[in-house]
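Undergrad: what's the 3D shape of this:
(3 chains)
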Amino acid sequence: MLLRNGGPESPSLLNFEITGVDLYWERTLETPASDEFERKIISQQIKEIGRRGKFLNFFLSDYHFLLHLRMSGDVLIQPKSEPPGKHHRLSLYFNNGLKFSFIDPRKFGRAWLVTDPDTILGNLGPEPFSEEFTPNSLYTALKSHSRQIKPLLMDQTFIAGLGNIYTDETLFYAKIHPLTKSDQITEEQSNQLVESIRFVLAEGIKNNGASIDWVYRGGDFQNYFQIYGRKGQKCEVCGDVIERITVGQRSTFICPTCQPEPAIN
DNA sequence: ACGAGCGCCTGTCGGC
DNA sequence: TGCCGACAGGCGCTCG
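TA: Sure thing, here's the model as predicted:
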(Lines give C-alpha, C1' and ligand atoms only; values in the text may rest on other atoms or scores of the structure.)
Protein backbone atom coordinates (compact mmCIF):
# COMPACT_ATOMS: atom_id res chain seq x y z
CA MET A 1 0.00 0.00 0.00
CA LEU A 2 1.38 3.33 -1.01
CA LEU A 3 0.91 5.48 2.04
CA ARG A 4 4.54 6.48 1.72
CA ASN A 5 6.09 9.60 3.15
CA GLY A 6 5.28 8.09 6.49
CA GLY A 7 6.51 10.07 9.41
CA PRO A 8 5.37 13.06 11.37
CA GLU A 9 5.12 15.43 8.42
CA SER A 10 3.14 12.95 6.35
CA PRO A 11 -0.13 14.42 5.09
CA SER A 12 -3.02 13.18 7.15
CA LEU A 13 -6.67 12.95 6.24
CA LEU A 14 -7.83 12.14 9.75
CA ASN A 15 -10.65 14.36 11.00
CA PHE A 16 -11.03 16.30 7.75
CA GLU A 17 -14.37 16.28 5.99
CA ILE A 18 -15.10 14.43 2.79
CA THR A 19 -16.47 16.97 0.34
CA GLY A 20 -16.86 14.92 -2.82
CA VAL A 21 -16.38 11.67 -4.64
CA ASP A 22 -15.27 10.54 -8.09
CA LEU A 23 -16.02 6.97 -9.09
CA TYR A 24 -14.19 6.18 -12.32
CA TRP A 25 -14.98 2.45 -12.49
CA GLU A 26 -18.44 1.58 -11.22
CA ARG A 27 -17.75 -2.04 -10.32
CA THR A 28 -15.09 -0.95 -7.83
CA LEU A 29 -17.94 0.01 -5.52
CA GLU A 30 -19.56 -3.16 -4.30
CA THR A 31 -22.15 -1.46 -2.10
CA PRO A 32 -24.19 0.72 -1.89
CA ALA A 33 -25.18 2.15 -5.29
CA SER A 34 -23.04 5.12 -6.30
CA ASP A 35 -25.68 7.80 -5.61
CA GLU A 36 -26.34 6.47 -2.14
CA PHE A 37 -22.60 6.08 -1.56
CA GLU A 38 -22.00 9.73 -2.42
CA ARG A 39 -24.91 10.97 -0.33
CA LYS A 40 -23.78 9.03 2.71
CA ILE A 41 -20.03 9.57 2.58
CA ILE A 42 -20.08 13.32 2.00
CA SER A 43 -19.43 15.22 5.25
CA GLN A 44 -18.04 12.08 6.91
CA GLN A 45 -14.63 12.20 8.58
CA ILE A 46 -12.04 9.43 8.92
CA LYS A 47 -11.63 8.82 12.64
CA GLU A 48 -9.32 5.84 12.54
CA ILE A 49 -7.83 3.39 10.05
CA GLY A 50 -7.62 -0.32 10.72
CA ARG A 51 -7.02 -3.59 8.97
CA ARG A 52 -8.64 -7.00 9.17
CA GLY A 53 -7.13 -9.72 7.00
CA LYS A 54 -6.56 -8.15 3.61
CA PHE A 55 -9.24 -5.49 4.12
CA LEU A 56 -8.55 -1.89 5.00
CA ASN A 57 -11.14 -0.52 7.41
CA PHE A 58 -11.68 3.22 7.49
CA PHE A 59 -13.72 4.14 10.55
CA LEU A 60 -15.84 7.10 9.46
CA SER A 61 -18.04 9.28 11.67
CA ASP A 62 -21.12 7.11 11.01
CA TYR A 63 -20.00 4.32 8.66
CA HIS A 64 -17.18 2.00 7.74
CA PHE A 65 -15.45 2.40 4.40
CA LEU A 66 -13.85 -0.94 3.55
CA LEU A 67 -11.32 -1.44 0.79
CA HIS A 68 -9.75 -4.60 -0.62
CA LEU A 69 -6.80 -4.02 -2.97
CA ARG A 70 -6.98 -7.52 -4.53
CA MET A 71 -4.30 -8.11 -7.17
CA SER A 72 -3.15 -4.70 -8.30
CA GLY A 73 -4.72 -2.08 -6.06
CA ASP A 74 -2.91 0.76 -4.35
CA VAL A 75 -3.85 3.92 -2.52
CA LEU A 76 -2.41 7.38 -2.78
CA ILE A 77 -2.88 10.76 -1.17
CA GLN A 78 -2.59 13.58 -3.71
CA PRO A 79 -3.43 17.25 -4.08
CA LYS A 80 -7.04 17.68 -5.13
CA SER A 81 -5.87 19.45 -8.29
CA GLU A 82 -3.85 16.49 -9.58
CA PRO A 83 -5.57 15.09 -12.68
CA PRO A 84 -6.66 11.45 -12.35
CA GLY A 85 -4.35 8.87 -13.90
CA LYS A 86 -5.37 6.13 -16.28
CA HIS A 87 -5.85 3.65 -13.44
CA HIS A 88 -7.71 5.80 -10.94
CA ARG A 89 -10.89 3.97 -9.88
CA LEU A 90 -12.17 5.99 -6.93
CA SER A 91 -11.23 9.30 -5.30
CA LEU A 92 -12.45 10.87 -2.08
CA TYR A 93 -11.96 14.64 -1.77
CA PHE A 94 -11.26 16.32 1.56
CA ASN A 95 -11.60 19.86 2.83
CA ASN A 96 -7.85 20.24 3.26
CA GLY A 97 -6.99 20.34 -0.44
CA LEU A 98 -6.11 16.64 -0.63
CA LYS A 99 -7.72 13.60 -2.17
CA PHE A 100 -7.50 9.93 -1.37
CA SER A 101 -7.31 7.84 -4.54
CA PHE A 102 -7.72 4.15 -5.13
CA ILE A 103 -5.65 3.06 -8.12
CA ASP A 104 -6.10 -0.37 -9.64
CA PRO A 105 -4.99 -1.35 -13.17
CA ARG A 106 -6.73 -4.73 -13.17
CA LYS A 107 -9.99 -3.46 -11.65
CA PHE A 108 -10.28 -6.36 -9.22
CA GLY A 109 -10.26 -4.20 -6.10
CA ARG A 110 -13.51 -3.56 -4.24
CA ALA A 111 -14.92 -0.96 -1.87
CA TRP A 112 -17.88 -1.04 0.53
CA LEU A 113 -19.62 1.56 2.64
CA VAL A 114 -21.46 -0.14 5.47
CA THR A 115 -22.76 0.52 8.96
CA ASP A 116 -21.65 -2.81 10.36
CA PRO A 117 -18.23 -3.96 9.10
CA ASP A 118 -19.00 -7.51 10.19
CA THR A 119 -21.38 -7.86 7.26
CA ILE A 120 -18.17 -8.01 5.18
CA LEU A 121 -15.52 -9.07 7.69
CA GLY A 122 -17.60 -11.43 9.80
CA ASN A 123 -16.55 -14.64 8.08
CA LEU A 124 -12.81 -14.05 8.23
CA GLY A 125 -10.63 -16.51 10.08
CA PRO A 126 -8.29 -15.59 12.91
CA GLU A 127 -5.54 -13.00 12.63
CA PRO A 128 -2.19 -14.82 12.52
CA PHE A 129 -0.72 -12.63 15.26
CA SER A 130 -3.72 -12.84 17.56
CA GLU A 131 -3.75 -14.78 20.78
CA GLU A 132 -6.60 -16.98 19.62
CA PHE A 133 -4.38 -18.32 16.84
CA THR A 134 -2.34 -20.98 18.64
CA PRO A 135 -0.70 -24.30 17.75
CA ASN A 136 -3.61 -26.00 19.46
CA SER A 137 -6.37 -24.08 17.71
CA LEU A 138 -4.66 -24.56 14.35
CA TYR A 139 -4.18 -28.28 14.89
CA THR A 140 -7.85 -28.71 15.79
CA ALA A 141 -8.92 -26.65 12.79
CA LEU A 142 -6.68 -28.64 10.44
CA LYS A 143 -8.20 -31.87 11.74
CA SER A 144 -11.71 -30.64 11.05
CA HIS A 145 -11.02 -30.58 7.30
CA SER A 146 -9.50 -32.92 4.79
CA ARG A 147 -8.23 -30.36 2.35
CA GLN A 148 -5.01 -29.63 0.53
CA ILE A 149 -3.03 -27.53 2.97
CA LYS A 150 -2.12 -24.75 0.55
CA PRO A 151 -5.62 -23.80 -0.60
CA LEU A 152 -6.78 -24.17 3.00
CA LEU A 153 -4.19 -21.67 4.26
CA MET A 154 -5.24 -19.30 1.48
CA ASP A 155 -8.90 -19.64 2.45
CA GLN A 156 -9.57 -16.35 4.23
CA THR A 157 -12.28 -17.93 6.36
CA PHE A 158 -9.72 -20.40 7.71
CA ILE A 159 -6.98 -17.88 8.51
CA ALA A 160 -6.97 -14.26 7.43
CA GLY A 161 -4.19 -12.65 5.46
CA LEU A 162 -2.20 -15.31 3.65
CA GLY A 163 -1.90 -15.09 -0.14
CA ASN A 164 0.01 -17.08 -2.71
CA ILE A 165 3.53 -15.89 -1.94
CA TYR A 166 3.27 -15.99 1.84
CA THR A 167 1.69 -19.45 1.73
CA ASP A 168 4.49 -20.87 -0.42
CA GLU A 169 7.13 -19.31 1.82
CA THR A 170 5.34 -20.59 4.92
CA LEU A 171 5.09 -24.17 3.65
CA PHE A 172 8.74 -24.14 2.65
CA TYR A 173 9.86 -23.05 6.11
CA ALA A 174 7.54 -25.61 7.70
CA LYS A 175 8.81 -28.30 5.29
CA ILE A 176 5.31 -29.29 4.24
CA HIS A 177 4.25 -30.21 0.72
CA PRO A 178 1.37 -27.97 -0.45
CA LEU A 179 -0.80 -30.96 -1.43
CA THR A 180 -0.64 -32.54 2.02
CA LYS A 181 -4.14 -33.12 3.36
CA SER A 182 -4.83 -30.95 6.37
CA ASP A 183 -5.86 -33.88 8.56
CA GLN A 184 -2.53 -35.60 7.85
CA ILE A 185 -0.54 -32.76 9.35
CA THR A 186 1.14 -33.80 12.58
CA GLU A 187 0.98 -31.84 15.78
CA GLU A 188 4.63 -31.01 15.38
CA GLN A 189 4.07 -29.73 11.83
CA SER A 190 1.15 -27.67 13.05
CA ASN A 191 3.37 -26.04 15.65
CA GLN A 192 5.91 -25.38 12.93
CA LEU A 193 3.18 -23.86 10.76
CA VAL A 194 2.22 -21.30 13.38
CA GLU A 195 5.84 -20.28 13.76
CA SER A 196 6.44 -20.17 10.00
CA ILE A 197 3.30 -18.15 9.26
CA ARG A 198 4.27 -15.54 11.82
CA PHE A 199 7.89 -15.48 10.70
CA VAL A 200 7.06 -15.04 7.02
CA LEU A 201 4.46 -12.35 7.65
CA ALA A 202 6.80 -10.49 9.98
CA GLU A 203 9.56 -10.58 7.36
CA GLY A 204 7.18 -9.30 4.71
CA ILE A 205 6.02 -6.46 6.94
CA LYS A 206 9.58 -5.61 7.94
CA ASN A 207 10.50 -5.26 4.27
CA ASN A 208 7.33 -3.35 3.31
CA GLY A 209 6.04 -6.21 1.20
CA ALA A 210 7.31 -7.34 -2.16
CA SER A 211 7.65 -5.56 -5.49
CA ILE A 212 7.79 -8.24 -8.13
CA ASP A 213 6.56 -6.47 -11.23
CA TRP A 214 5.44 -3.17 -12.66
CA VAL A 215 2.53 -2.75 -10.31
CA TYR A 216 3.65 -3.99 -6.94
CA ARG A 217 5.76 -1.14 -5.71
CA GLY A 218 7.23 -0.33 -2.41
CA GLY A 219 9.02 -3.11 -0.58
CA ASP A 220 11.90 -5.45 -1.17
CA PHE A 221 10.65 -8.67 0.40
CA GLN A 222 11.17 -10.31 -3.01
CA ASN A 223 14.89 -10.25 -2.26
CA TYR A 224 14.26 -12.56 0.66
CA PHE A 225 12.06 -15.15 -1.06
CA GLN A 226 13.32 -18.63 -0.28
CA ILE A 227 11.02 -20.43 -2.70
CA TYR A 228 8.47 -18.25 -4.51
CA GLY A 229 9.37 -17.58 -8.13
CA ARG A 230 12.66 -19.48 -7.84
CA LYS A 231 11.95 -22.33 -10.27
CA GLY A 232 15.18 -23.89 -11.52
CA GLN A 233 17.25 -22.24 -8.80
CA LYS A 234 18.88 -24.02 -5.91
CA CYS A 235 17.21 -24.48 -2.56
CA GLU A 236 19.18 -22.50 0.03
CA VAL A 237 18.72 -25.30 2.54
CA CYS A 238 19.57 -28.50 0.63
CA GLY A 239 20.76 -27.40 -2.80
CA ASP A 240 18.11 -29.31 -4.72
CA VAL A 241 16.48 -27.61 -7.70
CA ILE A 242 13.23 -25.75 -6.97
CA GLU A 243 10.16 -26.85 -8.95
CA ARG A 244 7.01 -25.09 -10.06
CA ILE A 245 3.74 -26.99 -9.79
CA THR A 246 0.09 -25.96 -9.82
CA VAL A 247 -2.04 -26.26 -6.70
CA GLY A 248 -5.55 -24.91 -6.51
CA GLN A 249 -4.96 -23.29 -9.90
CA ARG A 250 -2.21 -21.19 -8.40
CA SER A 251 1.44 -21.15 -9.29
CA THR A 252 3.26 -23.01 -6.53
CA PHE A 253 6.95 -23.43 -5.79
CA ILE A 254 8.46 -26.26 -3.80
CA CYS A 255 11.75 -27.87 -2.94
CA PRO A 256 11.19 -31.55 -3.74
CA THR A 257 13.69 -32.59 -1.06
CA CYS A 258 12.66 -30.28 1.79
CA GLN A 259 8.94 -30.70 1.01
CA PRO A 260 8.48 -34.37 0.08
CA GLU A 261 5.21 -35.48 -1.45
CA PRO A 262 2.72 -36.81 1.05
CA ALA A 263 2.54 -40.61 1.21
CA ILE A 264 -1.25 -40.73 1.00
CA ASN A 265 -3.00 -38.20 -1.16
C1' DA B 1 -17.15 -31.04 1.65
C1' DC B 2 -13.94 -30.59 -1.70
C1' DG B 3 -11.58 -29.28 -5.85
C1' DA B 4 -11.48 -27.99 -10.61
C1' DG B 5 -12.83 -24.68 -14.17
C1' DC B 6 -13.82 -20.24 -15.25
C1' DG B 7 -14.77 -15.27 -15.12
C1' DC B 8 -13.35 -10.79 -13.90
C1' DC B 9 -9.36 -7.22 -16.00
C1' DT B 10 -4.99 -5.00 -17.77
C1' DG B 11 -0.29 -5.19 -18.58
C1' DT B 12 4.25 -7.44 -19.32
C1' DC B 13 7.24 -10.75 -21.01
C1' DG B 14 9.22 -14.30 -23.97
C1' DG B 15 9.06 -16.85 -28.22
C1' DC B 16 8.52 -16.89 -33.06
C1' DT C 1 8.53 -5.01 -35.38
C1' DG C 2 4.17 -7.39 -34.49
C1' DC C 3 1.50 -11.04 -32.90
C1' DC C 4 0.13 -14.50 -29.48
C1' DG C 5 0.02 -17.13 -25.55
C1' DA C 6 1.35 -17.48 -20.79
C1' DC C 7 1.29 -15.41 -16.75
C1' DA C 8 0.36 -12.18 -12.74
C1' DG C 9 0.54 -11.33 -4.70
C1' DG C 10 -7.46 -12.51 -5.33
C1' DC C 11 -11.80 -14.15 -4.99
C1' DG C 12 -16.61 -15.57 -6.14
C1' DC C 13 -19.35 -18.59 -8.78
C1' DT C 14 -20.87 -23.15 -10.77
C1' DC C 15 -20.52 -27.85 -11.33
C1' DG C 16 -19.59 -32.80 -10.46
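
Undergrad: distance of residue A:27 from residue A:196?
TA: Look at residue A:27 and residue A:196: by CB to CB, to the nearest Å, they are 36 Å apart. Every C-beta, even on glycine, is put in place using the N, C-alpha and C of the backbone.

Undergrad: which one of the two is surrounded by more residues?
TA: residue A:196 (20 against 11; other CB atoms under 10 Å).

Undergrad: can you pull the pLDDT of the more buried one?
TA: On pLDDT, residue A:196 comes in at 98.

Undergrad: ok, residue A:8 next?
TA: 48.

Undergrad: and chain A, which residues reach DNA strand B?
TA: A:27, A:86-87, A:105-108, A:145-148, A:151-152, A:181, A:213-214, A:247-249 (CB under 7 Å from any atom of the strand).

Undergrad: just the buried ones among those residues, please.
TA: The neighbour-count test (16 or more other CB atoms under 10 Å) marks A:87, A:105, A:107, A:147, A:148, A:151, A:152, A:181, A:247, A:248 as buried among those.

Undergrad: tell me which of the residues you listed is nearest to residue A:170?
TA: Ranked by distance to residue A:170 (CB to CB), those are led by residue A:152 at 11.8 Å.

Undergrad: what's the closest one in contact with, if anything?
TA: Residues in contact with residue A:152 (CB atoms under 8 Å, 6 or more residues apart in numbering) are A:142, A:145, A:158, A:182.

Undergrad: go with 10 Å
TA: Shown in contact with residue A:152 (CB atoms under 10 Å, 6 or more residues apart in numbering): A:141-142, A:145-146, A:158-159, A:162, A:167, A:178, A:180-182, A:185, A:248.

Undergrad: quickly note the distance from residue A:178 to residue A:185.
TA: Taken as CB to CB, the span from residue A:178 to residue A:185 is 12 Å.

Undergrad: make that residue A:32, sorry
TA: With the distance defined as CB to CB, residue A:32 ends up 42 Å from residue A:185.
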